[in-house]
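S.K.: turn this into a structure:
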Amino acid sequence: MNRVTGLICPDCGTALRGDPEQFVCPACKASTSVIDGVPHFLRDFPYWGEIPIRQMTEVNRRAQTGSWKSALLDYDDPEVQRASVMILNLDRANWHHLVRLPADSRVLDIGAGMGTNSHALALRYREVVAVEPVLERIQFMRQRFTQERLLNVGIVRSSIWKLPFAPGSFDLVALNGVLEWVAAGQSGDPGELQKTALQNIHRLLRPGGYVYVGIENRYVPGYFIGYPDPHCGLPFVTVLPRPLAHWYARRHGHEDGYRNYLYSSRGYRKLLQKAGFQQSEFYIASPSYNHPRYLVPLEGGASSFYLSNFGGGGGDWLHRTVRRTLNFSGLLKYLEYSYAILARK
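M.R.: Numbers count the residues shown, from 1 in each chain. Prediction:
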């Protein structure tokens, strides 16, 4: 596992000085512990993950004493087995084939989770930095990268709001299932917080660099008939006007209102433009951005061809007729479940 270099103080921006056990800011004197080679810019962060905490603790124990893959595959627990499909799937990052960057590029994976995207990107690019706030996931990634001998990957325990990197440090920043979560635990308007997060990423990119965003579409047909939002678990909030969604969420026990903003493709494009990204490419990620078997350009004839021939032709005659009509009108591509978005600085 690589030791991350070129770190700066996330509070004052001064280059950090360090040894194997800690980094110290020479300006504001803030110190950052280094534990097992991982700088910890966060000391406390609540557990969140695809695997419940009890099973995750056992997975880490097994990974430390054996194979990280076997820790997942040989664990006879339904929730671990379901999560393993995504954790082992390096094709989650197959969008990197669409990025026009050389192999010696430097990549930042924010919200790296169990390390799937970082693992895949490390096979293509010179250096990958995996940022993750959850300690148990960091412990898993350490075993994963060490056992796979991925010496070009470094791990930093931090979050999107505490990024210890200088401007212009990266050629590519990955946000896979992250942008919809940035307002959680933060005060302020979720849309403004998302814009600020993207502006911070824009500053970290070198000229010509990319940000990748994997995320759900706001206007999925199921959301209009009561399918729950995959983030907060409430029906209708994605398609309601924002003020009404906030009121509805509060009425149903969410004191902070609706925080997990999703957008249409047009909405994402506008948000990226406000953050400074003037060039963006949109792809339908099918069946989802976490399992992107197909990445189909949103604009042009490819999306219509794909949706006509491969895009879910099942269901009764009414369902098929509605899909054909929407596809013929050019609207169906804007109603697919999720997008893979590449925006360039």
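S.K.: where in the stretch 201-345 of the chain is pLDDT low?
M.R.: Applying pLDDT under 70 to the stretch 201-345 of the chain picks out residues 311-321.
S.K.: hmm, 90 instead?
M.R.: Along the stretch 201-345 of the chain, segments meeting pLDDT under 90 span 300-333.
S.K.: burial of the spatially closest residue to residue 262 that is not a sequence neighbour, as a residue count?
M.R.: With C-beta to C-beta, 6 or more residues apart in numbering as the criterion, residue 262 has its nearest non-adjacent residue at 4.1 Å, and that residue is residue 218. No exception for glycine: its C-beta is placed from N, CA and C like everyone else's. By other C-beta atoms under 10 Å, 20 other residues sit near residue 218.
S.K.: ok, now the one 10 residues further on?
M.R.: Under the neighbour criterion other C-beta under 10 Å, residue 228 is assigned a count of 14.
S.K.: pull the number of nearby residues for residue 260.
M.R.: Residue 260 has 23 neighbouring residues, counting by other C-beta under 10 Å.
S.K.: so who does the closest residue to it other than its chain neighbours touch?
M.R.: The shortest distance from residue 260 to any non-neighbouring residue, by C-beta to C-beta, 6+ apart, is to residue 231 (3.8 Å). By C-beta atoms under 8 Å, 6 or more residues apart in numbering, the residues touching residue 231 are 180-181, 260.
S.K.: could you check how far residue 231 is from residue 60?
M.R.: 25 Å (C-beta to C-beta, to the nearest Å).
S.K.: can I assume residue 139 is in contact with residue 62?
M.R.: No - with contact defined as C-beta atoms under 8 Å, residue 139 does not count as touching residue 62 (11.8 Å).
S.K.: who has more neighbours out of those two?
M.R.: Shown here are residue 139 and residue 62; by other C-beta under 10 Å, residue 139 has more neighbours (21 against 17).
S.K.: for the strand or helix carrying the more buried one, name the packing helices and strands.
M.R.: Residue 139 is part of helix 135-147 when elements are defined by DSSP states H and E. When contacts are defined as 3 or more C-beta pairs under 8 Å, 6 or more residues apart in numbering; DSSP states H and E, helix 135-147 packs onto helix 53-65, helix 68-73, helix 116-122, strand 153-156.
S.K.: which helices and strands does the last one pack with?
M.R.: For strand 153-156, the elements it packs on are strand 38-40, helix 116-122, strand 127-131, helix 135-147, judged by 3+ C-beta pairs under 8 Å, 6+ apart.
S.K.: for the residue nearest to residue 260, give me phi and psi.
M.R.: The phi/psi pair for residue 231 (degrees, to the nearest 10) reads phi -100, psi -50.
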